[in-house]
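Could you work out the structure for the sequence below:
(one chain, ligands or ions: 1)
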Amino acid sequence: MKNLFVLLLVSVFSFSVNDVKAQDTKKTATIKIKTSAQCGMCKERLEKAFAYEKGVKKSELDVETAVFTIEYNPKKTTPEKLKEAVTKVGYDADKLPANEKAYEQLPACCQKGGHK
Ligand SMILES: [Cu+2]
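Numbers count the residues shown, from 1 in each chain. From the prediction side, this is the model:
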């Protein structure tokens, strides 16, 4: 009887472990943000900033289209927070305007219209 109880306990435990694994696969979401980035320096600046951004797993800016693709953990951050983080680096994020102070600190070639 005692053995049966232990067996039951073990199977309940392994079920819950499987549940955690199932959730793991859903831990990543992707967002694409249209930014005002201009060049390769902008790309480096944004990707470097996002390497330390909470919940971000991977980020990549496409210089041609200025679209910033971010893979993130939806439990740790939100699209709103990610967009705000982009504006804090000095770039527009979709409809959100860049943080003025951060924008002014960008080299001239990285400001809007710097590359024409
Ligand atoms: Cu630039």
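
Do me a favour and get the backbone dihedrals for the closest residue to Lys43 other than its chain neighbours.
Spatially, and ignoring its direct neighbours in sequence, Lys43 is nearest to Leu61 (4.3 Å; Cβ to Cβ, 6 or more residues apart in numbering). Every residue, glycine included, has its C-beta placed from N, CA and C. Leu61 adopts backbone torsions of phi -100, psi 130, taken as degrees, to the nearest 10.

repeat for Asn73
phi -90, psi 110.

Please tell me I have it right and it contacts Lys58.
No: Asn73 is not in contact with Lys58 according to Cβ atoms under 8 Å; the separation is 10.9 Å.

Give me the neighbour count for Cys109.
Residues lying near Cys109 (other Cβ atoms under 10 Å) number 12.

my guess is the residue nearest to Lys43 contacts Arg45, does it?
No: contact criterion Cβ under 8 Å: Leu61 and Arg45 do not qualify, at 9.1 Å.

This completes my enquiry, with thanks.
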